[in-house]
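Asker: predicted model follows, preceded by the sequence.
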Amino acid sequence: MIHYRQNPNGPSPLPFSPATVVGNLIFVSGQASTDANGAIVADTFEGEFRRSVENMRRILREAGTDLNQVVRICSYVRDPANLSTYNQLYREYFTEPYPARTTLTGCLPESLHFEIDCIAVVPSE
């Protein structure tokens, strides 16, 4: 069964679900540095990274799982100069064995420094 999780703050102006649950997997759509209403919150790379991961954590928590159950991550880093900072911050949120990961650079608009999506396991009840 497929379950589309809706935005808890109301309908999104964009045509997507924040997450989709299929079986015991949750696929979280790209999370950026946004507030509860979906407005972009401009910040430093570190600030945007933390806000993006916390947004992802909130969605995972609402589905009954957490960052420890993430099996795959795709990250988008606008400026390749931030990759060392990215790896340092990443280690604060994810530990060995690390999830499978792809990191793309130079692919975000000027309004964003960072975005992240993931696939995680939702433990059986």
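Answerer: Good, I have the coordinates.

Asker: could you use CA atoms for every contact and neighbour count after this?
Answerer: OK.

Asker: tally of neighbours for Ser33?
Answerer: For Ser33, the count of nearby residues is 26 (other Cα atoms under 10 Å).

Asker: ok, it touching Ala42?
Answerer: Yes - using Cα atoms under 8 Å, Ser33 is in contact with Ala42, at 7.1 Å.

Asker: elements contacting the longest helix along the chain?
Answerer: As assigned by DSSP state H, the longest helix anywhere in the chain is helix 45-62. The criterion is 3 or more Cα pairs under 8 Å, 6 or more residues apart in numbering; DSSP states H and E, and the helices and strands that helix 45-62 contacts are strand 25-32, helix 83-93, strand 114-121.

Asker: quick one on the thing from earlier: intersection of neighbour lists for Ser33 and Ala42?
Answerer: Residues touching both Ser33 and Ala42 (Cα atoms under 8 Å, 6 or more residues apart in numbering): Glu48, Leu112.

Asker: circling back: let me see the mean pLDDT of the longest helix of the chain.
Answerer: The pLDDT scores in helix 45-62 average 96.

Asker: buried residues in it, which are they?
Answerer: The neighbour-count check on helix 45-62 (16 or more other Cα atoms under 10 Å) flags 45, 48-57, 59-60 as buried.
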